[in-house]
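Colleague: what would the 3D arrangement of this be:
(one chain, ligands or ions: 2)
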Amino acid sequence: MGMEMTNREKLVLIGNGVAGMNTIEQIMKLDPDKYEITVIGKEPHPNYNRIQLSYLLEGSKTFDEMILNDYSWYERNGVTLCAGIAAERIDLASKFVHMSDGTTVSYDRLLIATGSKPFMLPIPGIDKEGIVGFRDVQDCERMKAAASTCRKAAVIGGGLLGLEAAKGLLKLGMEVTVVHLFSDLMERQLDTTASTMLRAELEGQGLRFLMNKKTVEISGDERVKSLRFEDGTELETDFLVMAAGIVPDTALARECGLETARGIIVNDYMQTSDTHVYAVGECNQHRGVSYGLVAPLFEQGSVLAKHLCGVPTEPYQGSVVSTKLKISGVDVFSAGEFQDAPGLDVIRTQDNWSKTYKKVLLRDNRIVGCVLFGDVHDSAQLFKWVKAEEAMTREIHEQLTGSAHIEGADPLAFVTAMPADEIVCGCNGVTKGMIVQAITDQGLSTVDEIKACTGASRSCGGCKPMVEQILALTLGDRYEGSKNAVETLCGCTTHSREDVIAAIRDKRLTHVREVMNVLEWHNPEGCTKCRPAINYYIGMVWPEVFEDEKDSRFVNERLHANIQKDGTYSVVPRMYGGVTTPEQLRKIADVADKYEVKMVKVTGGQRLDLLGVKKEDLPHVWEELGMPSGYAYAKAIRTVKTCVGSTFCRFGTQDSISMGILLEKKFERLWMPAKFKMAVNGCPRNCAEAEIKDFGIIGNDGGWEIYVGGNGGVKLRAADLLCKVKTDEELIELAGAFIQFYRETGKYGERTSDWIERIGLQAIIQEIVDNLERRKELVERIEQALQGLHDPWKEVVEQEGLQHQLYETLQVK
Ligand SMILES: Cc1cc2nc3c(=O)[nH]c(=O)nc-3n(C[C@H](O)[C@H](O)[C@H](O)COP(=O)(O)OP(=O)(O)OC[C@H]3O[C@@H](n4cnc5c(N)ncnc54)[C@H](O)[C@@H]3O)c2cc1C
Ligand code: SF4
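Modeller: Ligands and ions are numbered 1, 2, ... in the order given. From the prediction side, this is the model:
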């Protein structure tokens, strides 16, 4: 091997992974001259960040970006790396390691860090082609290759790894079904509520799930073709990822006679049954536990490095672990205990609208666990409390529940109180002290600079808020991030809505991914907040070239129907102005009978809603109805509610029905920042409730009154009078200008009731009522936006490909 002869002790590491190399790095810091080090690594690569494999799979990171210690690091530090070579046998008596290239290396101290292997279910067919685990770069390559030739993938295992693999394959364009043995996803970290929310979110992103399924056989000739479950059902698939768990890789240790159980047995200093041999990382078993996450490995490595360098150290006493899922748009965090149980008190908040859930568990008033979904800002602090089993106080309770504003509370109190050696970034073992030192010694002032310099927040990103707080604490007023805070589009970027729209316009960006690339999104895949928003903004700025990105839409808008509690859909056909005909009613009745619709309901917007339609029936229902989509599921122009008006009503002064139909036909199908409802009344008696609509019209003797910004939902708001007009033409023109002004200046998701409060009624009046030039421009732009809009139901009915892609059900026999 051409190794230099020195008097230094020989330290050999088997396993060039995270745990082993972190220990070596720490040894180099403590006493660089103590050992002559040889690293034997089976993988033909330098040490890389395994936890980022899902980013490699989906293509958001290159392998080079994942490397932790490149080849030059080994050279610079005088460490001999045998890459692509496996250790095959350990001779404890003569202290030699035999390697796959036929050579041997002797040691004074041996460090085993062989990690884990994927657990492959011991069932018939497991050796067929087209089945991989998810552990290393090679597995990712195989998955990528499969995605280019196969259509359907199955992933066995609904835990952290399985979900990341499934999402990666979905991004690569495969149709992915996750098969899980239990009724809850991530059942070892989440309770049923969080797991249900997670599943709904992932289904919204396009994943399919088969729960409570025990796979008993894999069928196919040479290659996997289908899975058979214990209940007799089957799933067809072209490719299978096994993510049903991991097994510590103890083969070498067991064969040479070291004491092993599930893992290689170690004491509190990572020493095995042979005093010259140590084991660190996922391959070991300490006090009965083998860990499967990186944070404990750093804690073990820290104790071991000190022990090997003769530096006094406390024994390793085990770790409390936390889990964060690294799937874009899904914020999930869990630490310590997570299930309700006798003897535990639970603080729980759930908000189904904002899709957030927070649960904190107490035993004898001490914090012993937590589960967060949707908003994980409190994760770092909660994890610290869980680790310390902090006593619950009124202040902590108020902070957690947001039930009171704590006067004078210092937002940086948490990081101020942290000792310097406390780990901030669990994935990369970076302490508060290392970050503070990087800021002061190297003049760093942004999270990105700290990421590049120390590695903190480089992997899962969970510690980013804490890194920001340490920056603010260390730099004080000099920290730009804490001042001039702009409202960013979401946590994936520092750019505001205005920046994003300006970039779309100025740089002529026309795809969601392009926007995220150009504006250097932190999270290259975006999330469920930013992706639909960007998609909308692109359509608003460039209607003529806009290609709707279905992947960036929520499930309702992607499928053009409203998903219901039981997984069926609701269908609301367009009935202009709330007017229907006997012929339409007959068709609706026939379709309702034929497709066994559970209920036909008249909506608040005067439409008929067919509730309980199966997903696979949707295209047939639409075809047989022959009516356009009512967009009842979308952030778009919804219904125009009308009263009977002058046609029939004794009080009517205006023809509200005709005006309602005209408005609805003119503006239907327009995408909006939020749902947009209209109403037209024939007189001020207001039977169609115009004053709680986004755009409400009341007829009077001399013309029309226009009311805007009303809302009859959760936040009741009476509409404001915008202006009065005399003619129908002027009314349509003002409606167009108003709708377009809102489309251009509304934040995605912001109803007109909030928008008006934000920008002010006067500003709107000046823009579209007083300024005729501006009104004309807005009308021109809305006319352009109205060109080329198609009925989405018709599109699906006419395109078999779309039906197949979006509405075909899972093949479960
Ligand atoms: C896709 C994925 C995502 C993950 N995400 C997270 C996450 O978000 N958070 C988290 O905390 N953890 C995560 N983990 C787990 C984390 O990666 C592991 O806990 C960590 O890598 C374990 O480190 P290790 O050094 O013990 O083992 P490894 O990193 O597996 O390193 C072991 C090395 O030893 C080599 N080896 C084995 N046998 C031999 C031999 N005989 N000779 C030579 N070399 C050998 C292996 O090839 C491997 O390179 C993830 C893991 C995967 C696979
Ligand atoms: S709003 Fe006036 S016109 Fe319309 S139905 Fe009521 S009373 Fe008649």
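
Colleague: what about the helices in the stretch 501-650 of the chain?
Modeller: Secondary structure of the stretch 501-650 of the chain (DSSP state H, counting those that start in this stretch): helices at 512-518, 530-541, 555-559, 582-594, 618-625, 645-648.

Colleague: contacts for the worst-scoring helix or strand of the chain on mean pLDDT?
Modeller: Least confident helix or strand, the chain: helix 413-417 with a mean of 77, by mean pLDDT, DSSP states H and E. Identification of contacts with helix 413-417 by CB atoms under 8 Å, 6 or more residues apart in numbering yields 380-381, 384, 410, 432, 466, 469-470, 473. (C-beta placed from N, C-alpha, C; glycine too.)

Colleague: cool, and stretch 300-308?
Modeller: 11, 19, 22-23, 26-27, 29-30, 34-35, 109, 111, 268-271, 278, 280-281, 284, 286, 311-316, 429.

Colleague: rewinding a little: would you mind finding the most buried of the helices of the stretch 501-650 of the chain?
Modeller: helix 530-541 (a mean of 24; mean count of other CB atoms under 10 Å).

Colleague: now do that one: everything it contacts.
Modeller: 329, 489-490, 492-493, 497, 500-501, 504-505, 509-512, 515-516, 521, 526, 546, 548-549, 551-554, 557, 635, 671, 673, 743-744, 747-749, 785.

Colleague: if we use 7 Å, what do you get?
Modeller: 489-490, 492-493, 500-501, 504-505, 509-510, 512, 515, 546, 548-549, 552-554, 671, 673, 743-744, 748 (CB atoms under 7 Å, 6 or more residues apart in numbering).

Colleague: that older thread, which ones among the contacts of stretch 300-308 are found in helices?
Modeller: 19, 22-23, 26-27, 29-30 (DSSP state H).

Colleague: in the least confident helix or strand of the chain, which residues are buried?
Modeller: 414-415 (16 or more other CB atoms under 10 Å).

Colleague: output that helix in CSV with nothing but the alpha carbons.
Modeller: C-alpha atoms of helix 413-417 as CSV (Å, rounded to 0.1, in the frame of the first residue of the first chain):
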residue,chain,number,x,y,z
ALA,A,413,-32.9,33.8,25.1
PHE,A,414,-32.7,30.2,23.9
VAL,A,415,-29.5,30.5,21.9
THR,A,416,-28.0,32.9,24.6
ALA,A,417,-28.4,30.2,27.2
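
Colleague: near ligand 2, list only the ones from the contacts of stretch 300-308.
Modeller: Counting by CB under 6 Å from any ligand atom, nothing from these sits close to ligand 2.

Colleague: quick one, what contacts the residue nearest to residue 389 when sequence neighbours are not counted?
Modeller: Leaving aside its chain neighbours, residue 389 sits nearest to residue 366 (4.3 Å; criterion: CB to CB, 6 or more residues apart in numbering). Applying CB under 7 Å, 6+ apart to residue 366 gives the contacts 389-391.

Colleague: any idea which of the residues you listed is closest to ligand 1?
Modeller: Distances from ligand 1 to the contacts of residue 366, taken as CB to the nearest ligand atom, are shortest for residue 389 (21.6 Å).

Colleague: which residues are in contact with the closest one?
Modeller: Contacts of residue 389 by CB under 7 Å, 6+ apart are 366-368.

Colleague: and the gap between it and residue 335?
Modeller: To residue 335, residue 389 is 12 Å away according to CB to CB, to the nearest Å.

Colleague: before we move on, back to that, now, of the contacts of helix 530-541, which are buried?
Modeller: 489-490, 492-493, 500-501, 504, 509, 512, 515, 546, 549, 552-554, 671, 673, 743, 748.

Colleague: where does pLDDT dip in the stretch 401-550 of the chain?
Modeller: Scanning the stretch 401-550 of the chain for pLDDT under 70 picks out the ranges 402-411, 459-462, 480-486.

Colleague: near ligand 2, which residues of it are found?
Modeller: Counting by CB under 6 Å from any ligand atom, the stretch 401-550 of the chain has no residue next to ligand 2.

Colleague: up against ligand 2, what does the protein have?
Modeller: 643-645, 649, 651-652, 656, 681-683, 685-687.

Colleague: distance to residue 120 added to those, as JSON lines?
Modeller: Converted to JSON lines, the residues of the chain next to ligand 2 look like this (distance: CB to CB, whole Å):
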{"residue": "643", "distance to residue 120": "68"}
{"residue": "644", "distance to residue 120": "70"}
{"residue": "645", "distance to residue 120": "71"}
{"residue": "649", "distance to residue 120": "74"}
{"residue": "651", "distance to residue 120": "77"}
{"residue": "652", "distance to residue 120": "75"}
{"residue": "656", "distance to residue 120": "68"}
{"residue": "681", "distance to residue 120": "68"}
{"residue": "682", "distance to residue 120": "72"}
{"residue": "683", "distance to residue 120": "75"}
{"residue": "685", "distance to residue 120": "73"}
{"residue": "686", "distance to residue 120": "68"}
{"residue": "687", "distance to residue 120": "68"}
